[in-house]
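Enquirer: Give me the fold of what follows.
(chains A, B and C)
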Amino acid sequence: MNSFAFTKWMLWLVLFFLIAPFSIVFITAFSDDNSLLFPPSSYSVRWLLSVMQTEIFVSSLITSLWLGFGATAIALVFGVPAAYALQRYPVPETEWIRTLLTSPLIIPGLVIGVALLKQFVLLGGNSVNLALLAGHAALVLPYAVRVVGASLANLPRDIEDAAFSLGASRAQVFWRVVLPNVRGGLAAATVLAFINSFNHVPVSLFLTGPGITTLPIRMLLHMESSYDPSIAALSMLVILFSMVFVFVTERVLGLSRYM
Amino acid sequence: MTNNRPRAWLLLFPATVFLLAVFVYPVGVFLLSSFRLENGVGLDNYFTFFSSEVNIEVYWRTVRIALLVTLVSAVVSYPAALAIMQLGAQYRGLLIGLIILPLMISPVARSFAWLVVLGREGLINKTLVGTGVLKESIPILYTENAVFIGLLQLMLPLMLLSLTSALENLPRDVIAAARSLGANSLQVFTRVILPLTRDGLTIGGTLVFTGCVTAYVTPALLGGPRVTMLATLLYQKAGVTVDEAATTVISMVMLLTTLAVNAALKSRSRGAA
Amino acid sequence: MNKKVMLVAGAVISSAIFSLAVGQQRTLTISSFGLNQPLIDKNVTRPFETLCNCKIVYEVGNNADRLAKLIARKNNPNIDVALLGDYFAQAAIREGLLDQLDTRKIPNRNQIYDFAKNPLGNDYGVAFTAYTISLAYRTDKISTPLTSWRDLWRPELKGRIALPNITTTQGPPVVFAVNRAYAGTDSNVNPGFQQLAALKPNILTFYNQSSQVASLFAQDEIWVAPIGRFAWGTMLNTGKPLAWARLREGQIGLMNTVSIVKGTKNEDLAHQYINFLISKEVQLAQANDLVDSPINKTVQLKPAKAAQLTTLGEFANMRFLDAKYLLGVRDEWIARWNKEIAR
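Expert: This is a model prediction of the structure:
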């Protein structure tokens, strides 16, 4: 069939366009040159070793990891009960609340960042750290609400009712019955929230200060100012990290069902 | 069901209050301050902003590039999404995984790859000069073309995923049925597939357009100061020149533009349904 | 759970997260340029941290960015010491952001050139380096050496020039120099702007940080860029064949100054740091790594190093730009540049 040949070609082309640039990152990461050349004139792992020993990269990696986990934890603690309520106890305000809880997805990240800087840090006197954490938590809360919500929607109510009829309390049902049954959704929400926070630039752009810079911002600063392959090496490590995260989750939980 | 409300609110309360405190309140106050003047309220900040030719140019450039990326990504994604469906369920998981993968990767790393590809001595120029297509290398980086390419790669997966999931929901055999009635490929597409996947197109279009208008990393790295877009202008005004009025106006304009396109696409798809 | 509990919880979580690295030592926070940071860490940060038993934290960025941050945080400053280009320092003084120095706490001040002792007036800061601005260019691509600002208009440089953005430190001085090269005056900058507008076909992009120029040279994107001498070492590191143009219009110069931010709680440490920064040892180490040209008179350089830096001989003939003049015209030039040149 002619049209199938055409569509297939388009698919390969699209996949090539989406994936091929990363191979360039991977190749340059193993460059032995002092400046960015493609293809590199010789190969080594010295840039990979060098970025892992560069203090500013390591410290911003630690910042990003803590920030990602902190924001994800806050998003889950607030988001999971909300997702449960939206699913199980529909009230007249449900739609409004749902819109509110997913609204950070439609507001430009730069606007969130600059607004938090202005209202929270400069006028409110809060620390940049707190504003950064709050901003990231708000940013990833919608993932917790939506993904866990989708997972809850697939959970038959009968299971909970059965537990109630056996005399379980609401708390017991939630902890022993509901949460274990949506752990796929919880894991997917955790991955999505964490990866999104970990890679996010716009909200963090304004919320950095002395001693606190996330890894993507550090990479951005370095890239504007440097021409060595260290960014390729860093990019490769970050890409590998994300890939392992995603592939493990896809294998174990079927992440694509929750996208 | 009458006793649901207190229980619902108990569970909704923390998330709601949290978002109101750290998101709705600061963003709301910040956006509203675009109307605040030294004495009273008004639209003066907007007039000031749009009275500058430079700002208008930045605005149109942003909208133009965003629309172009949206359009091209839709045109490219339809055949690709159809191929995913045609290839059968056993490959679907892998293919979807490959499309999701770039979404999980830092946009900084993704833009970086293009620096190497699009440079004056980059892969594309070297190939074109080497094969004799070009006599001399041409600037691609720091032009609108570079921003377009970078954004297209960044946003394409969103359109592709939206369309794929729309096609998945298509009633089975509807394409085969149309064909058996004698429709050719083009007719199948315009009469059957397009109308039935409008919602997916709307969602994809909204995501891509919004993503393009608000993306910062790609225009900053691949466009540079000569290809300023709203996001990079916002950063300049907030960071470098501390122009608070302009900062709030740009924020509002960005938001309204994405909401307007969102609404326009939605009403189109509803009108057609 | 109510709002208060949540805010407290949030505060506890975040402070636990971010206080991990910070011990009991005092911290001196410095707003600085960011170019050559690893070398600066080796020559200044580490030795000073040992000396003062304190920790140094940097906020880095170009002058305009960092000045904006200082202004934004005026009532709640988080910076102790600011390293700024001289006319940005003048702007900071005008905004009331800086404190006067107690020169008795800076004994090394006696060792520096006279022009560096009090360049901002009223002891608002001392210069820790000075530099010229000229053209760096690729000798393998440009066969006839560049000897004038007017050489930028050569047709073979089409799409091969990066200019400093007008908001950077080097932006206004370049406008100034071009204007002079085309017979403009301080009160009439039309020739400069008209010529720069005509230069557009040759301009590939504008840079916001000097280090971006190195990156552009290394990627073979550009062949020429006006830069400050302090960035020359970084350019040489690209490994490309580069030359520093000796322009017949003469050398224009600027100073980088160090000042104490008003509201600092570490005034003594700040003075100690400034004294350290202009000491013979630090100035020599920085010069040998081509980070900054020394203004400490007691520094003796090998001729090969001196040739890559701005030295006393040049300081004597250099025309230091009037910081107050540049500050006065900056806003107008930014507006004009954005309208006529940046597009």
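Enquirer: just checking, what packs against the lengthiest helix in chain C?
Expert: Of all segments of type helix in chain C, defined using DSSP state H, the longest is helix C:323-340. Judged by 3 or more CB pairs under 8 Å, 6 or more residues apart in numbering or on different chains; DSSP states H and E, helix C:323-340 is in contact with helix B:53-86, helix C:86-94, helix C:171-181, helix C:190-198. Every C-beta, even on glycine, is put in place using the N, C-alpha and C of the backbone.
Enquirer: any idea of the angle it forms with helix B:53-86?
Expert: Between helix C:323-340 and helix B:53-86, the angle comes out at 50 degrees (axes from the mean of the first three to the mean of the last three CA atoms, to 10 degrees).
Enquirer: Find out how far helix C:323-340 is from the centre of the chain, if you would.
Expert: Using CA atoms, centre = their mean, to the nearest Å, the distance from the centre of helix C:323-340 to the centre of the chain it belongs to is 18 Å.
Enquirer: Please list the residues outside that helix that contact it.
Expert: If you take CB atoms under 8 Å, 6 or more residues apart in numbering or on different chains as the criterion, helix C:323-340 is touched by B:53-54, B:241, C:86-87, C:89-91, C:94, C:119-120, C:166-167, C:171-173, C:175-176, C:186, C:189, C:193, C:196-197.
Enquirer: residues making contact with the helix or strand containing residue A:180?
Expert: Following DSSP states H and E, one finds residue A:180 within helix A:179-181. Contacts to helix A:179-181, defined as CB under 8 Å, 6+ apart, come from residues A:80, A:155, A:159, A:186.
Enquirer: Of those, keep whichever come out buried.
Expert: Neighbour counting by 16 or more other CB atoms under 10 Å in any protein chain shown classes A:80, A:155, A:186 among those as buried.
Enquirer: ok, the last one to chain C distance?
Expert: With distances defined as CB to the nearest CB, to the nearest Å, the gap from residue A:186 to chain C amounts to 20 Å.
Enquirer: buried residues in the helix holding residue A:180?
Expert: So for helix A:179-181, counting by 16+ other CB under 10 Å, buried means residue A:181.
Enquirer: What is the subsequent helix or strand relative to it?
Expert: helix A:183-199.
Enquirer: check contacts around the residue of the stretch 151-259 of chain A at minimum distance from chain B.
Expert: Nearest residue of the stretch 151-259 of chain A to chain B (CB to the nearest CB) works out as residue A:235 at 3.5 Å. Counting by CB under 8 Å, 6+ apart, residue A:235 makes contact with A:25, A:29, A:219, B:106, B:108, B:109, B:112, B:113.
Enquirer: tilt between the longest helix along chain A and helix A:183-199?
Expert: Counting residues, the longest helix found in chain A (DSSP H) is helix A:55-88. Counting by the same axes, to 10 degrees, helix A:55-88 lies at 140 degrees to helix A:183-199.
Enquirer: C-terminal to helix A:55-88, what's the next element?
Expert: Next along from helix A:55-88, by DSSP H and E: helix A:94-102.
Enquirer: Now tell me what touches that next one from outside.
Expert: Outside helix A:94-102, the residues touching it (CB under 8 Å, 6+ apart) are A:79, A:82, A:86, A:141-142, A:145-146, B:8, B:12, B:15-16, B:19-20, B:24.
Enquirer: same question, stretch B:13-28
Expert: Everything outside stretch B:13-28 that qualifies as a contact, by CB under 8 Å, 6+ apart, is A:74, A:77-79, A:81-82, A:97, A:100-101, A:103-104, A:107, A:111-112, A:115-116, A:118-120, A:134-135, A:137-138, A:141, A:145, C:1-3, C:6-7.
Enquirer: Counting neighbours, which of the residues you listed end up buried?
Expert: A:74, A:77-79, A:81-82, A:97, A:100-101, A:103-104, A:107, A:111-112, A:115-116, A:118-120, A:134-135, A:137-138, A:141, A:145, C:6-7.
Enquirer: Could you tell me how many residues sit around the spatially closest residue to residue C:170 that is not a sequence neighbour?
Expert: Closest residue to residue C:170 apart from its sequence neighbours, by CB to CB, 6 or more residues apart in numbering or on different chains: residue C:164 at 3.8 Å. Using other CB atoms under 10 Å in any protein chain shown, residue C:164 has 26 other residues around it.
Enquirer: who's in contact with residue C:164?
Expert: C:170, C:171, C:174, C:206, C:207, C:225, C:226, C:227.
Enquirer: And residue C:31, by the same measure?
Expert: Residue C:31 neighbours (CB under 8 Å, 6+ apart): A:210, C:58-61, C:66, C:69-70, C:79, C:81-84, C:261.
Enquirer: Check those one by one and keep those near chain B.
Expert: The subset of these within reach of chain B, by CB under 8 Å from any CB of the partner chain, is residue C:69.
Enquirer: Show me the contacts of residue C:31 that map onto helices.
Expert: Per DSSP H, the contacts of residue C:31 map to helices at C:66, C:69, C:70.
Enquirer: which residues touch the second one?
Expert: For residue C:69, the contacting residues are B:239, C:31, C:59, C:61, C:79, taking CB under 8 Å, 6+ apart as the criterion.
Enquirer: Which residue ranges of the stretch 101-250 of chain A form helices?
Expert: Assigned by DSSP state H, counting those that start in this stretch, the helices in the stretch 101-250 of chain A fall at A:109-116, A:128-153, A:157-165, A:170-172, A:179-181, A:183-199, A:202-206, A:215-225, A:230-253.
Enquirer: of those, which approaches residue B:196 most closely?
Expert: helix A:128-153 (22.9 Å; CB to CB).
Enquirer: Counting neighbours, what do you get for the nearest residue to residue B:216 once chain neighbours are set aside?
Expert: In space, and not counting its chain neighbours, residue B:216 is closest to residue B:231: 4.3 Å by CB to CB, 6+ apart. Look at residue B:231: counted by other CB under 10 Å, it has 27 neighbours.
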